[in-house]
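Participant: Model the following, please.
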Amino acid sequence: MFTKFFHELKSAGLPVSLREYLTLMEAMESDLANRKVEDFYYLSRSALVKDERNLDKFDRVFGHVFKGIENIGDSITAEIPEEWLKLLTEKYFSEEDKKQIEALGGWDKLMETLKKRLEEQKKRHQGGNKWIGTGGTSPYGSGGYNPEGIRIGNEGERQGRAVKVWEKRDYKNLDDTVELGTRNIKVALRRLRRFARAGVPDEFDIDSTIDATARAGYLDIKMRPERRNAIKVLIFFDAGGSMDPFVKICEELFSAARTEFKHMEYFYFHNCLYDYVWKDNRRRWTEKTPTWDVLHKYPHDYKVIFVGDASMSPYEITVPGGSVEYFNEEPGALWLQRVTDIYESVVWLNPVQRQSWDYTPSTQLIRELIGDRMYPLTIGGLEKAMAELKR
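Facilitator: Here you go, the predicted structure:
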């Protein structure tokens, strides 16, 4: 069970080391969890989680592995042969316990009747004193009472069961793999900052005023330009088709970027970058902007962000005429290469889950074309993308 817990944590992306796991096992040998699953939750969380962003992932894995378990001892079980169980009854059952089993016709009769009931019963049953179910007095079932009974399933069902700590998901907002909201996007985008003072001096400079006044012997007020984020950003949004399910998150990203970056320009494209881009999806056929004009207008110090699912036929990237909307004289791959040649800082944000990328040939192709700088559109992915652009 504990080994499964360790492997599930690793599979969920938690950076859990073998040393930490062994330390946890040493703590269990010392009975620091008192064999209670809730105490084990706090013990294992303190031993295995080093970053608050992983707390929600830990809670989800813990809830999956220990679902329905009240005491750690309840879960350390295995499929035991019937012969072993008989030997255990002889070794551990009191004479009174054995008499209760005999009252039902003996162990063999008890197991035979159980098998027969399972074959006869075709539906769920609750209450009563014969069928296998819940809440009754039959010897077989769960949640009821019979001193000679055999528990069937429902390990986690208990009267008055409270919501467990790990089921509350109190740390859901800290998970860096969840999809973004406008507020979280703004926080992540702020990592891409380089402040500078330029423009009209309209802000009172208190330090310079004090210095100048002391030197002059009279009040000498000094002003300075406002301190602003000097980063310049060029964003290309994939619009339409398979991107329709991601409209909301793209709108939130656009809104946050407009707030955080004073120097920001944006354009739309479909599937891959081709000869033309546009600014208004409703007038995309009448108000197109040649891509060459964009590349010539915005200098190489701009940070370029592509936002798209990168899901299409590979031919739409690699061959002339690959566009599904018109005949493009030059392949999309050539246009992406031109962007990476002109701009040093380029990233691609993909709203599709990271696990799916390796199964989509077009996604793999675009990742290669932009130098493996594709990131998932999550908190963690956006933070990594901003760090890449800031280099």
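Participant: correct me, but Lys288 touches Val277?
Facilitator: Yes. The criterion here is Cβ atoms under 8 Å, and Lys288 meets it with Val277 at 7.3 Å. C-beta coordinates here come from the backbone N, C-alpha and C atoms, glycine included.
Participant: higher neighbour count, these two?
Facilitator: Taking other Cβ atoms under 10 Å, Lys288 and Val277 do not tie; Val277 has more neighbours (21 against 13).
Participant: any weak-confidence spans in the chain?
Facilitator: 70-94, 97-98, 101, 104, 106-107, 110-111, 113-200, 227-229 (pLDDT under 70).
Participant: domains for it, by residue range?
Facilitator: Domain assignment for the chain, taken from automatic domain parsing, gives 2-70, 85-151, 182-194+231-390, 200-228.
Participant: And Tyr274, how far from Leu334?
Facilitator: Counting by Cβ to Cβ, to the nearest Å, the gap from Tyr274 to Leu334 is 10 Å.
Participant: which one of the two has more residues nearby?
Facilitator: Neighbour count, other Cβ under 10 Å: between Tyr274 and Leu334, Tyr274 has more, with 23 against 16.
Participant: contacting residues for that one?
Facilitator: Listed by Cβ atoms under 8 Å, 6 or more residues apart in numbering, the contact partners of Tyr274 are 291, 323, 328, 330, 332, 335.
Participant: Run a quick neighbour tally on Tyr375.
Facilitator: Tyr375 has 20 neighbours, counted by other Cβ under 10 Å.
Participant: Is it in contact with Trp348, as I believe?
Facilitator: Yes. Here Tyr375 reaches Trp348: they are 7.2 Å apart, a contact under Cβ under 8 Å.
Participant: Surely Ser208 is in a strand?
Facilitator: No. Counting by DSSP: H, G, I helix; E, B strand; the rest coil, Ser208 falls outside a strand, being helix.
Participant: Any idea how many residues pack against it?
Facilitator: When counting by other Cβ under 10 Å, one arrives at 14 neighbours for Ser208.
Participant: now the one 5 residues further on
Facilitator: Number of residues near Thr213 (other Cβ under 10 Å) recorded here: 14.
Participant: helix/strand/coil for it?
Facilitator: helix.
Participant: Identify the residue spatially nearest to it, adjacent ones excluded.
Facilitator: Closest residue in space to Thr213, ignoring its immediate chain neighbours: Asp220 at 5.0 Å, by Cβ to Cβ, 6 or more residues apart in numbering.
Participant: swap in Thr209?
Facilitator: Nearest residue to Thr209 in three dimensions, chain neighbours excluded: Lys222, at 4.7 Å (Cβ to Cβ, 6+ apart).
Participant: and the gap between Glu95 and Gly105?
Facilitator: Remark: distance between Glu95 and Gly105 (Cβ to Cβ) = 18 Å.
Participant: With neighbour numbers in mind, choose between these two.
Facilitator: Between Glu95 and Gly105, counted using other Cβ under 10 Å, Gly105 has the larger neighbour count: 11 against 7.
Participant: Tell me the spacing between the more buried one and Glu112.
Facilitator: Applying Cβ to Cβ, the value for Gly105 to Glu112 is 8 Å.
Participant: ditto for Ile235
Facilitator: Counting by Cβ to Cβ - Ile235 and Glu112 are separated by 71 Å.
Participant: Could you do Asn328 as well?
Facilitator: 75 Å.
Participant: Which of the two has more residues huddled nearby?
Facilitator: Neighbour count, other Cβ under 10 Å: between Asn328 and Glu112, Asn328 has more, with 20 against 12.
Participant: so what's the more buried one closest to, chain neighbours aside?
Facilitator: Nearest non-adjacent residue to Asn328, counting by Cβ to Cβ, 6+ apart: Tyr274, 4.4 Å away.
Participant: That neighbour looks like it's in a helix, true?
Facilitator: No. Judged by three-state DSSP, Tyr274 forms no part of a helix; its state is coil.
Participant: Just give me the neighbour total for Leu273.
Facilitator: Neighbour count for Leu273, taken as other Cβ under 10 Å: 25.
Participant: Does it touch Ala333 like I think?
Facilitator: No. The criterion here is Cβ under 8 Å, and Leu273 misses it with Ala333 at 9.4 Å.
Participant: what about the strands in the chain?
Facilitator: Along the chain, the segments classed as strands by DSSP state E run 133-134, 140-142, 150-151, 195-197, 203-204, 223-224, 227-229, 232-238, 263-269, 276-278, 288-290, 303-307, 346-350, 374-376.
Participant: mind checking which of those strands is nearest Phe5?
Facilitator: Of all the strands of the chain, the one in closest proximity to Phe5, counting by Cβ to Cβ, is strand 150-151 (23.4 Å).
Participant: residue contacts, Lys10?
Facilitator: Listed by Cβ under 8 Å, 6+ apart, the contact partners of Lys10 are Val16.
Participant: now swap in Trp278 and tell me
Facilitator: Counting by Cβ under 8 Å, 6+ apart, Trp278 touches 267-268, 284, 287-289.
Participant: mind checking how far it is from Thr360?
Facilitator: Remark: distance between Trp278 and Thr360 (Cβ to Cβ) = 25 Å.
Participant: again with Phe327
Facilitator: 25 Å.
Participant: Now do stretch 261-273: distance from first to last residue.
Facilitator: Terminal residues of stretch 261-273 are spaced 23 Å apart (Cα to Cα, to the nearest Å).
Participant: in it, what's buried?
Facilitator: 261, 264, 266-273 (16 or more other Cβ atoms under 10 Å).
Participant: Which residue is the nearest non-sequential neighbour of Glu316?
Facilitator: Among residues not flanking Glu316 along the chain, Gly322 sits closest, at 4.2 Å (Cβ to Cβ, 6+ apart).
Participant: residues near the residue lying closest to Thr360 once chain neighbours are set aside, how many?
Facilitator: Nearest residue to Thr360 in three dimensions, chain neighbours excluded: Ser311, at 5.7 Å (Cβ to Cβ, 6+ apart). Number of residues near Ser311 (other Cβ under 10 Å) recorded here: 19.
Participant: Likewise for Thr289?
Facilitator: Around Thr289 there are 14 other residues, counting by other Cβ under 10 Å.
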